[in-house]
Every structure is written in structure tokens, then in C-alpha cells.
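Visitor: Return a 3D structure for these sequence lines:
(one chain, ligands or ions: 1)
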Amino acid sequence: MLAAAPKHHLNRFASSRELADALADTVSDRLRAAISHRGKALIAVSGGTTPGLFFRTLSSRDLDWAKVTVTLVDERFVPASSPRSNAALVAENLLQNNAAAANFAGLYRPTETAEEAASQADDELQALAWPLDVAILGMGGDGHTASFFPDAEGLDRLLDPSSDRTVLPVSAPSAGEPRLTMTLPRLAGAGFVALHIEGNAKRDVLDKALQPGSHLPVRAVFDHSRQPVEIFWAP
Ligand SMILES: O=C(O)[C@H](O)[C@@H](O)[C@H](O)[C@H](O)COP(=O)(O)O
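Guide: Numbering: from 1, shown residues only. Reported below is the predicted structural model:
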């Protein structure tokens, strides 16, 4: 009996603009509901080149942003002054307009090593209002999500669904620089998990990841996510 494809829902859009509007609507509704239910909201977002338009669209949504904490799905081991910084990407595109009132909890720490930074961030992020209400994941053309790179040292540890860590360091030749990643259980435990990908090439990679027996890292999110993964895709 072949294992059924993990539960997910494909939301297709004609353009990046339509996708950004729909994802911003859904995410702002989820944040409002979390604030109404528990007085606060916690969202983790990814970096990279895909989410910019979505961030700028979400930043103008009307909600009690002062009760929202934005954190990162992953981060390059670089300071916010670096053009590679996801914290800088979020500051410049999401923490603007109405969302400028939101709180931010980044992963980077100015330590000698990524290991030390991950350990410090892991300690300090325990204080956040877990579980995530929203996790926005991206995906690379190699099937990585967060910083779960296929060539990462100790990938099994990064994908351990029972990890008691929140942040782990990542060393992977294909990653460019050392990374800091939120762990699978933290991401999989979110009340709403969106995978935001654009283009036909990534759609093909995702289709491969959803085949039985796939070992692409993104598949681990589908296999362990508490909620069905909502895929947001535009060509
Ligand atoms: O730090 C990062 O780069 C992201 O968090 C990473 O996981 C990203 O989502 C994918 O690499 C896709 O990146 P693109 O959107 O640039 O294709």
C-alpha cells in the first residue's frame, strides 16, 4: 500500500500580486484570530527573494500589530548590516507601515560562531509565546526549506521531529554562509503553515517532494505538520 501524499492544499494564483493579496488576507485573519483568542500572535517568516511583495502587502493590513511578534524561520549568520540578512529584509519590507508597531525576535547573535549564536538564540527565544500561530516557509530549487539544506552536516538532527531545540546552527556547502534555523517541531507545530513558492521549476520540485519515499528536506514539513500545509503558488 503506497503511503498517501501528506495532507496539503494547493492554492494557485495567476500572478505574484494575486498571491500576495490572498496570503496577506489569510495571514492577517490568522493573526487577528490569535490576538482575539490569546491576546497575542507569533509568526515566523522566511527570507530569500520570494516573500518581498507579500511582506509589503501584509505590512499595510489593519490589525493590532503591537500584539504581534515576528520571528524568523531561518537566518544567515550575518549582522543586520549585511545585504544577506533576513532580519534586514524583514525590517525593510514587513516592519513598515501598520506593521512597524510589531515586535521582532531575530535569530542572529554577534558571537564568534554560529553554534554559539544558535545556543544563545535558543535560550532567548524560549520566552516567545509558542506555538507559532503562523509559519511562512519558502523552498529552494534543491528542495530545502528553512535552512534544512540537503547537504547540511547532521541533516537528520535538523529534521528530528522530537528535537527539544528551537534554534540550531547549520553548516552546508550549498548554503553560502553558516545558517541559524528554527527546528522542525517548532515549524511543524504552527497553527497555520504556508509554503510560498513561485515559478514552474519550484512547482516541479514540490511535486517530486510529495511523491512517496521522497527524501527532499521540505517533505519533512508535510510529514510532521500539525495542520495540512497550505501551498501558495503562482507561475
Ligand atoms: O534564508 C533563506 O534564504 C530562506 O529562509 C530560505 O529557506 C528560502 O525560503 C529559500 O532558499 C527560497 O529562497 P528564494 O525565495 O530566494 O528562492
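
Visitor: Just the element for residue 143, please.
Guide: Residue 143 is part of no helix or strand, with elements assigned from DSSP states H and E.

Visitor: residues contacting it?
Guide: When the contact criterion is Cβ atoms under 8 Å, 6 or more residues apart in numbering, the partners of residue 143 are 150, 205, 208, 209, 216, 217, 218, 219. (C-beta placed from N, C-alpha, C; glycine too.)

Visitor: hmm, which of those are the buried ones?
Guide: The neighbour-count test (16 or more other Cβ atoms under 10 Å) marks 205, 209, 216, 217, 218, 219 as buried among the contacts of residue 143.

Visitor: The last one against residue 210, yeah?
Guide: This means residue 219. Yes - Residue 219 is within contact range of residue 210, at 7.2 Å (criterion: Cβ atoms under 8 Å).

Visitor: so how far is residue 128 from the residue nearest to residue 171 when sequence neighbours are not counted?
Guide: On the basis of Cβ to Cβ, 6 or more residues apart in numbering, the spatially nearest residue to residue 171 that is not a chain neighbour turns out to be residue 153, at 4.7 Å. Applying Cβ to Cβ, to the nearest Å, the value for residue 153 to residue 128 is 27 Å.

Visitor: Of those two, give the one with the bigger neighbour count.
Guide: The residue with more neighbours, out of residue 153 and residue 128 and counting by other Cβ atoms under 10 Å, is residue 128; that gives 17 against 12.

Visitor: circling back: narrow the buried ones among the contacts of residue 143 to those in helices?
Guide: Among these, the members found in helices (DSSP state H) are 205, 209, 218, 219.
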